[in-house]
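[1] Dropping the sequence and predicted coords here.
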Amino acid sequence: MRRATACLVLAILCVCGSALQSRGRNFQWHDSVMDFMCTRDDTCLSPSDDWIQVKQKFVKRIYDLCQEALKDKQSMVTMMKWLPFAKPAHKEFLSALDTEKTFLDYAEQLASKYSSEEAKARRVESDYKPLGLSKYPYWAWIPMFQSYVVPGGASASWSNNCFSSTSASATYNAALSQIQVTITTATPASASCADLYLLSDLHQIQLQLIGQAAAHTFVLNTTTMSSNELHDVLTRGVRVFRFRDDVIQTVIDILETLGMFLEPLLEASVSEQARLANKDFLSLYQQIQPTMSNRTTWRVDVDESYIQSGDFLGIIRLDGLDPMLAWAMGSTTGHTTVAMRAPNGTLFVCESTATTSYWVVNGIQCTPYKQWVDQCEKASMQVVIAPLSKENRAKFNESQAWQYFYQNQGFDYGFHTMLWGWVDTVSQNYPCVAPDYTTCLTWEAVEVLFTVIDRLAPSVGDLLFRESLAKRAGASTKASFVDILSGWIAQGNAPNTLPTPVEEDKWLYNTTRYGQPAVGKATVCCVFVCMMWKSGGLFDGIDVECGEQTNYDIYSLALFDESRMGDNRPQVCKDADPANPLCQILGKDTLYLNGLNTRTPYTHMDETCPSEAPKYDRPAGC
């Protein structure tokens, strides 16, 4: 049970924290995390590890664990025995699995495909086909919220693939400090079908496998709960989630998702297998046209005179992280930068980024253009240039933009606010999984995730969400996530509205500057570009909070020069990419900016906009 839970929870923690790169911070881990990680010397966490080393070890440990589970029939049965089969019905189900040849032979075949170098090569040659029975494994391990079950309240009911009738109820025994959850199933689809559930009370989580038509009882202990945690579960209820796929496919879902991240995380360049896996993911999960296609010219050395201060450079690296962000935001980029010329005419690319396996400088920075392009090429990035229009170029005040840069140079990447630019609504911003987009991340799952991170990795929670949510709720930055949420609810607010208040550009955070503790603005890449434009006067006369902008919000603004796009690009750009309206200077694959140059800037823009995959429709003026 502990290992199965750790595999899932740490997969979520690792992927959600995969953007985090931080210097000058000592990460704190719960003892259970250390126990899980230190079963291998090469994944054991050390107090001296920076976040690059931490997340590399996390991904490797989880990936190896999932591979071990698929090695052979007995390993799969052993993995399933991690789950609490305490009742006779559970043991009967497990015995049936031992004799179900098709089920276990399938697991063994998958294991050989993962371990075979020849099989990996075939996957690359075929433009990458996911293993398993599902064409859509990426992120399919996101648990689907089924219902709240309030102790002593009405029961909840639903149907699913394995059981056409399922209900759940809960009771609270104060004397025993226990909440008892009963899930009753009926009318099974087959003898070998089983549902994997996750139960949470914002204090703990349990994974439970249900494979028999019966009443299944599970106990949550309330002894160590805080008063706010106990009040939450008694008034709002136990959260019940169900995983879309069976156990084997869920393990494969995690493997395929982490496979997009693993090699790019460890290497300075993106491997061919990771590149193709990420392209497969984007083509299946976004209905944004045109999709990426192979380029024959991977680098275009455009004359630097084509690029001026304020021009936009959009980037995607097919490394798991950028495609994840693009999928969530409804963009085709995962990173954004802005060009700036120094008073002596030297061209720089300025950005808010972080130290990684492929980027050595941390925080807000400007890099000489040629050096920047060389670094991007080594990192396997796709890069396009969108030049400002003549009107906006004349309007853009270089000196004021440089002043903003120097005031913020060296500040850490804006981890505190990276989640909130695209979460504007209570339910219409969270990503959903193909093909039917009914498996979605929900606020209920986010609550559980934040609680787990708070407990297992408090310093990550502090960096990623706690301080920013405390500002919204008017709470202490030292408060736990559950306490912040409880205070927000006590003010009369719905729980799922906590992320929705507007991020204000004047807000300051406890961050670092050149690796040392500091107080300053928390700006992610697109927010930094917006702030450079805002400081340079492009939004004069309208009220814009840059903290509310996403990549799409930035490059879809009508700020760019169509007379320098398409056939009016430099000849080298047209030769390399005849169909791309922009000049693409780097990348093995085409990068198109959806919605480019289509929206006039307006007051309070992008503060209440939905961004639901796969079409990302949004009302005008949101």
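    Here it is on my side, so go on. Numbering: from 1, shown residues only.

[2] any low-confidence regions in this protein?
    The model of the chain has pLDDT under 70 over residues 1-28, 30, 32, 51-52, 55-56, 59, 63, 66-120, 122-123, 192.

[3] Would you mind measuring from the residue of the chain positioned farthest from its centre to Val502?
    Here the chain reaches farthest from its C-alpha mean at Ala175, the gap being 41.2 Å by C-alpha atoms, centre = their mean. Shown here: Ala175 relative to Val502, a distance of 47 Å by C-beta to C-beta, to the nearest Å. For every residue, glycine as well, the C-beta is placed using N, CA and C.

[4] rewinding a little: for the residue farthest from the centre of the chain, give me the backbone phi and psi.
    With angles defined as degrees, to the nearest 10, Ala175 sits at phi -60, psi -40.

[5] Thr477 and Leu508 touch, don't they?
    No: the criterion here is C-beta atoms under 8 Å, and Thr477 misses it with Leu508 at 11.3 Å.

[6] intersection of neighbour lists for these two?
    Listed as contacting both Thr477 and Leu508 by C-beta atoms under 8 Å, 6 or more residues apart in numbering is no residue at all.

[7] for Ala213, what are its contacts?
    Contacts of Ala213 by C-beta under 8 Å, 6+ apart are 163, 185-188.

[8] In JSON lines: these, plus distance to Ala445.
    Below are the contacts of Ala213 laid out as JSON lines (distance: C-beta to C-beta, whole Å):
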{"residue": "Phe163", "distance to Ala445": "22"}
{"residue": "Thr185", "distance to Ala445": "22"}
{"residue": "Ala186", "distance to Ala445": "27"}
{"residue": "Thr187", "distance to Ala445": "27"}
{"residue": "Pro188", "distance to Ala445": "26"}
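
[9] Contacts for stretch 360-376 next, please.
    The contact list for stretch 360-376 (C-beta under 8 Å, 6+ apart) reads 21, 23, 299, 304, 307, 315, 339-340, 346-355, 358-359, 383, 405, 408-413, 512-515, 523, 528, 585-586.

[10] actually stretch 336-350, not the one I typed
    304, 307-315, 351, 364-369, 372, 385, 398, 401-402, 405, 525-526, 528-529, 532-533, 551, 554-555.

[11] Please produce a PyMOL select command covering the buried subset of those residues.
    Listed next is the PyMOL selection for buried residues among these, using 16 or more other C-beta atoms under 10 Å:
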select buried, resi 307+308+309+310+311+312+313+314+315+351+364+365+366+367+369+372+385+401+402+405+525+526+528+529+532+533+551+554+555
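
[12] So which of the contacts of stretch 336-350 are in strands?
    312-315, 351, 364-368, 385 (DSSP state E).

[13] and the gap between Asp35 and Met340?
    Remark: distance between Asp35 and Met340 (C-beta to C-beta) = 49 Å.

[14] who has more neighbours, those two?
    The neighbour comparison of Asp35 against Met340 (other C-beta atoms under 10 Å) goes to Met340, with 24 against 12.

[15] Mind checking which of the contacts of Ala213 are in strands?
    Filtering those for strands - DSSP E - leaves 163, 185-188.

[16] Most neighbours among these, which one?
    Among those, Phe163 has the most neighbours (other C-beta under 10 Å), with 23 neighbours.

[17] Give the bridge partners for that one, please.
    In this entry, Phe163 is beta-bridged to Pro188, by DSSP bridges.

[18] okay but it is in contact with Asp195, surely?
    Yes: counting by C-beta under 8 Å, Phe163 touches Asp195, with 6.8 Å between them.

[19] any common contacting residues for these two?
    Taking C-beta under 8 Å, 6+ apart as the criterion, Phe163 and Asp195 both touch 185, 210.

[20] Thr222 versus the residue farthest from the centre of the chain, what's the distance?
    For Ala175 relative to Thr222 (C-beta to C-beta), the value is 11 Å.

[21] count of residues packed around Phe415?
    For Phe415, the neighbour count with other C-beta under 10 Å is 25.

[22] for the stretch 151-300 of the chain, what spans make up the strands?
    156-158, 163-173, 178-188, 195-200, 205-210, 215-221, 238-242 (DSSP state E, counting those that start in this stretch).
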